[in-house]
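give the three-dimensional model of this entry:
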Amino acid sequence: MDEVPEPHTGWTFLTNHARVLAAIDGNHNARIRDIAAHCRLTERAVQKIIADLEQDGYLSHTREGRSNTYRIDPSKVLRHPAESGLAVASLLSLLVRDEADRAVPSDADGRHHAGT
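Residues are numbered from 1 along each chain as shown. Reported below is the predicted structural model:
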């Protein structure tokens, strides 16, 4: 049975589809359970999102034993007309850079010190 994560109220800047895609980009062999925990979604929600992404060609997977290996098509363009021409690779590069920045220790005033 899916464990329901702590609910979030209010709006957010990223869709759950973007969160799942970024989680997969970080680990192409991630289990649905791990993606769900990372994105604070249920496993069922992640399964539905993966199915959506695969149906529209943003994502594919191959079965290797008991696990899946996911492949993202970085050249696919984002769906919303406001982002016409912007490829998935551009979105993921922003999200990956953000994840990397969060891993860099910051000083007392909250500024990051990458590369220093």
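
which SSE is the nearest residue to His38 once chain neighbours are set aside in?
Counting by Cβ to Cβ, 6 or more residues apart in numbering, His38 lies nearest to Ala23, which is 4.8 Å off, once chain neighbours are set aside. Glycine gets a C-beta too; all of them are placed from N, C-alpha and C. Following DSSP states H and E, one finds Ala23 within helix 16-26.

following element in sequence after that helix, please.
Counting by DSSP H and E, what follows helix 16-26 is helix 32-39.

list the buried ones in that following helix?
Under the neighbour-count criterion of 16 or more other Cβ atoms under 10 Å, helix 32-39 has Ile32, Ile35, Ala36, Ala37, His38, Cys39 buried.

how about these in a markdown table, adding distance to Thr69?
Converted to a markdown table, these look like this (distance: Cβ to Cβ, whole Å):
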| residue | distance to Thr69 |
| --- | --- |
| Ile32 | 13 |
| Ile35 | 13 |
| Ala36 | 18 |
| Ala37 | 19 |
| His38 | 17 |
| Cys39 | 19 |
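
any idea how far Arg66 is from the residue nearest the centre of the chain?
Geometric centre of the chain, nearest residue: Ala22, 2.3 Å, by Cα atoms, centre = their mean. Distance, Ala22 to Arg66, by Cβ to Cβ, to the nearest Å: 24 Å.

with Asp52 instead?
From Asp52 across to Arg66, the span is 24 Å (Cβ to Cβ).
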